[in-house]
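> My questions concern the predicted model and sequence given below.
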Amino acid sequence: MTESKYPMIPVEEAQQIVLAHVAPLPAEDVPFDEALDRVLAEDVYAGEDMPPFAASAKDGFAVRAADGVQPRRLLGEQMAGLMATLHVEPGTAVRITTGAPVPPGADAVIMVEYTTVEGDTVRLSKAVQPGDDVRPPGQDIVQGQLVLPAGTAIGPAEIGLLATVGQVRVPVYARPRVATMSTGDELVEPGETPAPGQIRDSNRYTLAAAAHRAGATVVDLGHAPDTAEALTTHFGEGLAHADVVVTSGGVSMGELDLVKPLLEEIGTVHFGRVHIKPGFATVDGKPFFALPGFPVSSLVAFEVFVRPALRKMAGFRELFRPRHHVTLRHDVRHSADRPEFARAIVEWEDGRLFARTTGFQGSGRLLSLVGANALLALPHGRGDFRAGEKVEALLIG
């Protein structure tokens, strides 16, 4: 049998090689309300105190605490959004709403629940202390405070905080542009009826969806036949219009498996064989992932190698899926000569995580990934696993 010239390397070593050859993309300014799921490229500081004035924390009455529980004469109302020309003197009170500025002279707010109003007289059922239900200036944020450091992944709370401090444009790392393509004479488009010996192309759409979910924008290169000329043309288009190229198929040992030989001509192949089959190269500094043609192998390789690279390029600090030990609900067959990422459903029960596989684990059976929320990391050098044993799982959903 023909022997590959590429040495077989462990998955972990391959991951480190990939990450050593990718870096965060340059930053770009975007409107703050379009920055969801992006990563902040620079620190954000507060330009003012928040709240910028002493504000009421409750609906009630602004009073002087030193007046005790004696009745107060009602002077008027202080509403949120404006500054009334009222001054609280001894023996007086001002009706106030939540968020409204506390009028001069008052040092506390008593909740409306502890008061009664008779005409222009306010009676208190309890005493208050200075500062009760008053939010002092800067209670939430102090002027000059670092509110969001560079590297923060922006979620709904961060969007709200940017609005609070008036940061209407924010510098974020660019989204990686990923060019996806499939290779193979046997492929037809999903809307076509395959002729004998042909199959519909699913990988390109699967990988495009995975790239989009990882935060990238996608450039669709279509599918290329198994000729050096067609592949070279597609590669060039992808490298010209994207930051990353991801292909599927054409990476085995057949005479028409041309992807890695062509990559050697135009770039540097950093590894050509991993225990789960993909290859990785750089061309003019751009990452190029050559993934297997089997649909499941392709998507699993994307999860293990491409997704962490895309997250690093997008500025994320946490690159990998969370891993947890899970207890197997049933026996799992496994060949000791290679690692495997078995598709599984992980559930929480009685304080523990339990896992069951999604059935037949063939590398062409996409049904094994439908509904899966984990990949069981079954290691090289160990055979079958028994029900009740613990294995490590990547939680992917």
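Here it is on my side, so go on. Residues are numbered from 1 along each chain as shown.
> Could you list which residues are in contact with residue 5?
Contacts here follow CB atoms under 8 Å, 6 or more residues apart in numbering; on that basis residue 5 touches residue 272. Glycine gets a C-beta too; all of them are placed from N, C-alpha and C.
> try residue 32
Residue 32 makes contacts with 159, 162-163, 167-170, as judged by CB under 8 Å, 6+ apart.
> Tell me which stretches of the stretch 151-300 of the chain form helices.
Using DSSP state H, counting those that start in this stretch, the helices of the stretch 151-300 of the chain run over residues 156-164, 203-213, 228-241, 259-266, 295-301.
> from those, which stretch is densest packed?
helix 295-301 (a mean of 24; mean count of other CB atoms under 10 Å).
> Report the contact partners of the nearest residue to residue 227 once chain neighbours are set aside.
Distance criterion CB to CB, 6 or more residues apart in numbering; nearest residue to residue 227, sequence neighbours excluded, is residue 258 at 7.7 Å. Contacts for residue 258 were tallied using CB under 8 Å, 6+ apart; they are 183, 226-228, 231, 250.
> Test of understanding: give the bridge partners of the closest residue to residue 316 other than its chain neighbours.
Nearest-residue entry for residue 316: residue 39, 5.6 Å, with adjacent residues in sequence omitted and distances by CB to CB, 6+ apart. Beta-bridge partners recorded for residue 39 (DSSP bridges): residue 153.
> Surely residue 39 touches residue 153?
Yes: assessed by CB atoms under 8 Å, residue 39 is found in contact with residue 153 at 5.6 Å.
> still on that earlier bit, what's the burial count for the residue nearest to residue 316?
22 (other CB atoms under 10 Å).
> same question, residue 45
14.
> Could you give the bridge partners of it?
In beta-bridge terms (that is, DSSP bridges), residue 45 pairs with residue 146.
> tell me the contacts of it?
144-147, 165.
> how about those residues in CSV, adding distance to residue 290?
Shown next, in CSV, are those (distance: CB to CB, whole Å):
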residue, distance to residue 290
144, 50
145, 48
146, 43
147, 43
165, 45
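> sorry, back to before: any residues in contact with both of residue 39 and residue 153?
With CB under 8 Å, 6+ apart, residue 39 and residue 153 have common neighbours residue 316.
> Find the pair from the contacts of residue 32 with maximum spatial separation.
159 and 169 (12.9 Å; CB to CB).
> where's residue 238 relative to residue 279, distance?
Separation of residue 238 from residue 279 (CB to CB, to the nearest Å): 15 Å.
> now do residue 199
In terms of CB to CB, residue 199 sits 22 Å off from residue 279.
> the more surrounded of those two?
Counting neighbours by other CB under 10 Å for residue 199 and for residue 279 shows that residue 279 has the greater number, 25 against 12.
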